[in-house]
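Asks: how would this look folded up:
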Amino acid sequence: MQELIRLSKLMSLRNICSRREAEYFIENKQVMVDSKLITEQGTKVSIDAKITLLDAAKKKQNEKVTVLLNKPVGYVSCMPEKGYKQASELITKENLHRTGNQTYKHFKLDKLSVAGRLDIDSKGLLVLTQDGVLAKKIIGENSNIEKEYLVRFSGEIDDSKIKELCFGLSLYGKDLKKAKVKLLNEDILQVILKEGKKRQIRKMLEAVDLKVLSLKRVRIGKVTLSDLPLGKWRFLDKSEEF
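Replies: Prediction:
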């Protein structure tokens, strides 16, 4: 017997769009399955069904905005904290570094969500997006995208500590994924992760008796911080991919 699955769930699993977006597209008659227009929420389809978005849905997807911010220390990236500002408050016309092929429109910057937080004591590349599929690609449970950091530290370091940082640590009761750690000079480490647990790098260094003095994220996947000034932001260019 052929396996059936809810259409909105299948669209999410295939990274066509989020489940909420799928339900919107179905409600507005913008989804075809095996050449048949689907109009009913909750419709179940074959697991290997051919799914096609109509032009109206594709246009709406293309309107989604993603921006890159060089977050300073002292700003929270997600939940607001008393006495501190949210990083999203820096997404203003005055702080726009360059537009690329996008046009600044204030209303288009509503409902930006952080894809890969940075804690209040860290700075560097922060991605804010309206695209749920992109966010899932960056921070989803099965994400394989690298996040690169430059970490200034204090304490004695040797090859055994670097090896332990790369593979052999656990956090919050779970083993960490293998990391790439390289000593760039006497007090700066390059750390590359494929996950981002709360205060992960600080906890990792603490576990080998090192203390983080400063932490800066410089890359997510193929997208780098490059020359983006501190406190400034820009649109993700349509030619860029994570």
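Asks: drop to CA atoms for contacts and neighbour counts, all remaining ones
Replies: OK.
Asks: got the end-to-end distance for stretch 3-23?
Replies: By C-alpha to C-alpha, to the nearest Å, the extent of stretch 3-23 from end to end equals 21 Å.
Asks: oh sorry, the question was meant for stretch 60-78
Replies: Termini of stretch 60-78 sit 26 Å apart (C-alpha to C-alpha).
Asks: Averaged pLDDT, it. What do you get?
Replies: Mean pLDDT, stretch 60-78: 88.
Asks: and what of stretch 31-48?
Replies: The model assigns stretch 31-48 a mean pLDDT of 92.
Asks: just stretch 121-140 next, same as before
Replies: Averaging pLDDT along stretch 121-140 gives 91.
Asks: Just the buried positions in that stretch, please.
Replies: For stretch 121-140, a neighbour-count test (16 or more other C-alpha atoms under 10 Å) marks 122-139 as buried.
Asks: and the end-to-end length of it?
Replies: 24 Å.
Asks: surely residue 213 meets residue 123?
Replies: No: contact criterion C-alpha atoms under 8 Å: residue 213 and residue 123 do not qualify, at 11.9 Å.
Asks: Give me the pLDDT for the residue lying closest to residue 91 once chain neighbours are set aside.
Replies: Spatial nearest neighbour of residue 91, excluding adjacent residues (C-alpha to C-alpha, 6 or more residues apart in numbering): residue 233 at 6.7 Å. Residue 233 carries a pLDDT score of 94 in this model.
Asks: so how far is residue 53 from residue 233?
Replies: 32 Å.
Asks: Those two - which one has more neighbours?
Replies: Neighbour count, other C-alpha atoms under 10 Å: between residue 233 and residue 53, residue 233 has more, with 26 against 18.
Asks: That one against residue 95, yeah?
Replies: Yes: shown here, residue 233 and residue 95 form a contact pair, counting by C-alpha under 8 Å, at 6.3 Å.
Asks: Please name the bridge partners of the nearest residue to residue 176 once chain neighbours are set aside.
Replies: The shortest distance from residue 176 to any residue other than its chain neighbours is 5.2 Å, reached at residue 170 (C-alpha to C-alpha, 6+ apart). Legend: beta-bridge partners of residue 170 under DSSP bridges are residue 175.
Asks: Check which helix or strand residue 164 maps to.
Replies: Of the helices and strands defined by DSSP states H and E, residue 164 is found in helix 159-166.
Asks: domain parsing for the chain?
Replies: For the chain, automatic domain parsing gives the domain ranges 4-62, 66-139+223-235, 147-220.
Asks: Can you lay out those domains as TSV showing distance to residue 242?
Replies: Output for the domains of the chain, formatted as TSV (distance: least, C-alpha to C-alpha, whole Å):
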stretch	distance to residue 242
domain 4-62	15
domain 66-139+223-235	6
domain 147-220	7
